[in-house]
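Peer 1: dropping the sequence and predicted coords here.
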2 protein chains.
Amino acid sequence: MEKLYEQSALRLLQAADEIRARLAGEFSAVHGISVNEFFVLLHLQRATKHRLPRVELAKRMHISASTITRMAAPMEKLGLIERHTDERDARLAFMVITDAGREKLSETRATFAKQAGYLFDDRWDEATLNQFSTVLHRLVSGSVSNLS
Amino acid sequence: MEKLYEQSALRLLQAADEIRARLAGEFSAVHGISVNEFFVLLHLQRATKHRLPRVELAKRMHISASTITRMAAPMEKLGLIERHTDERDARLAFMVITDAGREKLSETRATFAKQAGYLFDDRWDEATLNQFSTVLHRLVSGSVSNLS
DNA sequence: CCAATACGCTTGCATGTGCAAGCGTTATGC
DNA sequence: GCATAACGCTTGCACATGCAAGCGTATTGG
């Protein structure tokens, strides 16, 4: 007999894989960015002063610092983010979302919301969905990456 | 105002990232396999006759056929899976889980269940968790990859 | 039948990612 | 103060992965 939470964790991973695969296709085709780039913009937008040190962003996204370094370069070239230095600590290299980045994020979030709508819409009442969201929220709270 | 299903989808992706990162560490350290290799074994174990053509497995895991080809080689060397051919159709190369693969899967599932327990245990009643699992299940049903 | 198409699998190439080492900067302990 | 450690970031390397092309096999249409 499979434990209920084992089953839930399995389904959660599977559902995420599927959603991520769909989003990857849409984001690439429609907006020319990756799912991870979308999350970079979202984290920056929601951070205090709309900026984060690279290491902090890496922690929140569960990826390595070197990956952040390598994602930053093309995003800077596209003008989606900028690199700011800290006056007090020369080690820090803040990533800051630009106006162009905000615009791109806004467009991409519309696509995200549309896809999320396909997934959830008209299938559950608000109470059920609220509880679902709450469970998910507690799974990640305590983590550094509370985006929501 | 953020839509409820948009928020839910965001949290779902974040939760999955976090769980996957934790599992990757444990699986690698304790069992010497990757999360994807774990899923290969799980899909094979649950498939009819404990075997699947490579393309079918790729679809269920949302990864490309070439990735399956490249994951298969080391797993065969470790004796976790075997390659069987189809008598009727020489194009098919079934992947079959071996006894050693079953044993490895069993050990790894124990670790998986333990980690899932850390996530969920003692925080929600069975009804809530059941509903949570049901919502997740419907998100992926209709998909080819109904593992559960 | 046979040609054309579809299918399953593999391989070359390009890209994304983590780890470990290295560099420069800041903090700590004496 | 100064040596040592810790920290933030980048880079070299290895590895994982997707895409497109190629190969062999089966199916389809005439």
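Peer 2: Yes, it's here. Numbers count the residues shown, from 1 in each chain, chains lettered A, B, ... in the order given.
Peer 1: ok, which stretches of chain A are strands?
Peer 2: Applying DSSP state E to chain A gives strands spanning A:51-53, A:81-85, A:93-97.
Peer 1: wait, which of the ones you listed is closest to chain B?
Peer 2: Proximity of those to chain B was assessed by Cβ to the nearest Cβ; the nearest stretch is strand A:51-53, lying at 15.8 Å. C-betas here are computed from N, CA, C, even on glycine.
Peer 1: which neighbours in the sheet does that closest one have, and how are they oriented?
Peer 2: In the sheet, strand A:51-53 lines up against strand A:93-97 (antiparallel) (DSSP bridges).
Peer 1: buried set for the strand it pairs with?
Peer 2: Of all the residues in strand A:93-97, those buried under the rule 16 or more other Cβ atoms under 10 Å in any protein chain shown are A:94-95, A:97.
Peer 1: which residues are contacting the lowest-mean-pLDDT helix or strand in chain A?
Peer 2: Using mean pLDDT, DSSP states H and E, the weakest-scoring helix or strand in chain A turns out to be helix A:126-140, at a mean of 90. Contact partners of helix A:126-140, identified using Cβ atoms under 8 Å, 6 or more residues apart in numbering or on different chains, comprise A:120, A:124, A:146, A:148, B:4-5, B:7-8, B:11-12, B:14-15, B:18-19, B:119-120, B:123-124, B:128-129, B:131-132, B:135.
Peer 1: buried ones among those?
Peer 2: A:120, A:124, A:148, B:4-5, B:7-8, B:11-12, B:14-15, B:18-19, B:119-120, B:124, B:129, B:131-132, B:135.
Peer 1: on that earlier part again, now the strands of chain A in CSV, with mean pLDDT?
Peer 2: CSV is the format used below for the strands of chain A (pLDDT from 0 to 100):
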stretch, mean pLDDT
strand A:51-53, 96
strand A:81-85, 96
strand A:93-97, 97
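Peer 1: could I get those as CSV with distance to DNA strand C?
Peer 2: CSV is the format used below for those (distance: least, Cβ to the nearest atom of the strand, whole Å):
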stretch, distance to DNA strand C
strand A:51-53, 12
strand A:81-85, 9
strand A:93-97, 11
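Peer 1: so for chain A, the centremost residue is which one?
Peer 2: What sits nearest the mean C-alpha location of chain A, by Cα atoms, centre = their mean, is A:Phe39, with 2.7 Å.
Peer 1: which residue is the nearest non-sequential neighbour of that residue?
Peer 2: Of all residues not flanking A:Phe39 in the chain, A:Met61 sits nearest, at 5.8 Å (Cβ to Cβ, 6 or more residues apart in numbering or on different chains).
Peer 1: what ranges of chain A fall below the confidence cut-off?
Peer 2: Counting by pLDDT under 70, chain A shows low-confidence ranges at A:1-2, A:142-148.
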